[in-house]
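>>> Sequence plus the predicted model coming up.
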Amino acid sequence: MNAPTFTSAIDVERIRADFPILKLKVENKPLVYLDNAASSQMPQQVIDRIVRYQTTQHANIHRAVHYLSETATHEYEVARRTLQKFINAKEDREIIFTSGTTEAINLVMHGYGRKFIKAGDEIILTTLEHHSNIVPWQMLCEETGAKIRVVPINDAGELIIEEYEALFNERTKFVGVVHISNALGTINPVKEMIAFAHARGVPVLVDGAQAAPHLSVDVQDLDCDFYAYSGHKLCGPTGIGMLYGKAKHLEAMQPYKGGGDMILSVTFEKTTYNTIPFKFEAGTPPIMAAIVLGAAIDYLQGIGMNKIAAHEHSLLEYATAQINDMPGVRIIGTAKNKASVISFAIDGVHPHDIGSILNQEGVAVRTGHHCAQPVMQRYRVPATSRASFAFYNTMAEVDALIAGIRTVQKVFS
């Protein structure tokens, strides 16, 4: 089936010209990159920002008065303000640079959880969580004697909100919830979930790794206590991410790591910690990566997050309709409110075989459990194949995916 004529909210071909890697060929075929939920690609403007920093601005920050150090410090803090505005945080001191979503969640577990969660307390998580929002809380429970309660999902991959509400009691002390499932694409009603928790005095952490690249996020509107995301899913580099925390929580938390720059004074008798956000940024930070993440966010905002969401939703609808018409192919996760992720299974074919044959057609998808094994257990599958779309993908690339799936079926027929 040829891609239909449609009016996109963005000029996709112009945008694709910004991404050098999209010109690659794989197995002598044009690259069709549909693994954006794992990591997005980087536009030339962001690549250029790396070069400009490394060739004209590189130095350590916060520790010298020479030109390069002052320049790097300024650019680093400008990036922090860019991240603040991107999610509409109230203050830039509420933005902590981390290595990614995983470190951000671990920071909250160590800094907040170890201080305030005790034996007998309960933490509510959901079946849809990525391992990075499960394992740290399990570690805390093993240490403290706290307990994890889990919100189930229905067959469509949607949280059963009545079950979520029923889990709350006087022992509930924390909620961790993913904004968008990386395995299924389900968009959770986090604003309503946060309001319900807050009415009972319970703070909420939102894993926004999949939401920040695809939706307009407003942490003040959500009223979440913590929000985390990674740069490499936002057209930025790996090794950089962000934790947003309400200032009152960050000020009350203990530092996650000790070292340089997170202190005001040190003697062998006592250390006085720095103010936020620096209290949580020990040692030399990923300066270049933070600055480049700011440039990546500027790039995305230049396109417009609402326009990005609209274009990706069109791709999702088109791909969903095509796959639903294919005998022997099943979409896993059919929530009414979804982001641009399709996990699917082909009768009689292992996901790794699907991924290998699609790769021969130039189509890059993710195969495996997607660091979401509880989701796989819920659907009684060991793994899925996952196609995830970004704003630079096209209807023609969806057609290439569909053609590749037909090739898989032909090989295994």
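Now that the structure is in, tell me what you want to look at. Since this is a predicted model, take the numbers as computed values, not measurements. Numbers count the residues shown, from 1 in each chain.
>>> can you map out the strands along the stretch 201-350 of the chain?
204-207, 226-230, 241-245, 263-266, 271-273, 329-332, 341-346 (DSSP state E, counting those that start in this stretch).
>>> Export those strands as a markdown table, with columns for distance to Ile161.
C-beta: built from backbone N, CA, C; applies to glycine. As requested, the strands of the stretch 201-350 of the chain are arranged in a markdown table below (distance: least, CB to CB, whole Å):
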| stretch | distance to Ile161 |
| --- | --- |
| strand 204-207 | 14 |
| strand 226-230 | 20 |
| strand 241-245 | 24 |
| strand 263-266 | 44 |
| strand 271-273 | 39 |
| strand 329-332 | 21 |
| strand 341-346 | 21 |
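>>> Residue ranges in the protein under the pLDDT threshold?
1-7 (pLDDT under 70).
>>> Please report phi then psi for the residue nearest in space to the middle of the chain.
Nearest to the mean C-alpha position of the chain, counting by CA atoms, centre = their mean, stands Ala209 at 1.1 Å. Recorded main-chain torsions at Ala209 are phi -60, psi -40, according to degrees, to the nearest 10.
>>> if I pick it, what's in contact with it?
Contact partners of Ala209, counting by CB atoms under 8 Å, 6 or more residues apart in numbering, are Gly100, Thr101, His130, Val178, Asn182, Ala228, Tyr229, Ser230, Lys233.
>>> same check, this time on Leu250
Arg93, Glu94, Ile96, Gly111, Ile276, Pro277, Lys279, Phe280.
>>> Not counting its neighbours along the chain, what's nearest Val408?
With sequence-adjacent residues excluded and distances taken as CB to CB, 6 or more residues apart in numbering, Val408 is closest to Ile357, at 4.8 Å.
>>> Which residue ranges make up each domain of the protein?
12-43+304-411, 48-302 (automatic domain parsing).
>>> can you redo the strands of the stretch 201-350 of the chain as CSV with mean neighbour count and distance to Arg49?
Conversion of the strands of the stretch 201-350 of the chain to CSV gives the following (neighbours: other CB atoms under 10 Å; distance: least, CB to CB, whole Å):
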stretch, mean neighbour count, distance to Arg49
strand 204-207, 28, 27
strand 226-230, 28, 18
strand 241-245, 29, 17
strand 263-266, 12, 31
strand 271-273, 13, 32
strand 329-332, 19, 38
strand 341-346, 24, 28
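>>> And the helices in the stretch 1-150 of the chain?
For the stretch 1-150 of the chain, applying DSSP state H, counting those that start in this stretch gives helices covering 12-16, 44-56, 67-86, 101-108, 114-116, 135-144.
>>> Let's have those in CSV, adding distance to Val150.
CSV is the format used below for these (distance: least, CB to CB, whole Å):
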stretch, distance to Val150
helix 12-16, 40
helix 44-56, 38
helix 67-86, 31
helix 101-108, 16
helix 114-116, 21
helix 135-144, 11
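>>> need the contact list for Met376.
Contact analysis of Met376 by CB under 8 Å, 6+ apart lists Ala183, His369, Pro382, Ala383, Thr384.
>>> hmm, try it at 10 Å
Ala183, Ile332, Ser343, Gly368, His369, His370, Pro382, Ala383, Thr384 (CB atoms under 10 Å, 6 or more residues apart in numbering).
>>> List the beta-bridge partners for Val206.
Note on Val206: beta-bridge partners by DSSP bridges are Val177, Tyr227.
>>> quick one: contacts for it?
133, 175-179, 188, 190-191, 193-194, 217, 219, 222, 224-229, 244.
>>> how near is it to Phe226?
From Val206 across to Phe226, the span is 7 Å (CB to CB, to the nearest Å).
>>> which residues do these two both contact?
With CB under 10 Å, 6+ apart as the test, Val206 and Phe226 both reach Gly176, Val219, Tyr244.
>>> residues near the second one, how many?
Applying the criterion other CB atoms under 10 Å, we find 22 residues in the vicinity of Val219.
>>> just to revisit the earlier point, ok, which of the strands of the stretch 201-350 of the chain comes nearest Tyr318?
Comparing the strands of the stretch 201-350 of the chain by their distance to Tyr318 (CB to CB), the top pick is strand 341-346, with 10.6 Å.
>>> Now do that closest one: which elements does it pack against?
When contacts are defined as 3 or more CB pairs under 10 Å, 6 or more residues apart in numbering; DSSP states H and E, strand 341-346 packs onto helix 305-324, strand 329-332, helix 351-360, strand 366-368, helix 373-379, strand 384-388, helix 395-411.
>>> Perfect, I'm done here.
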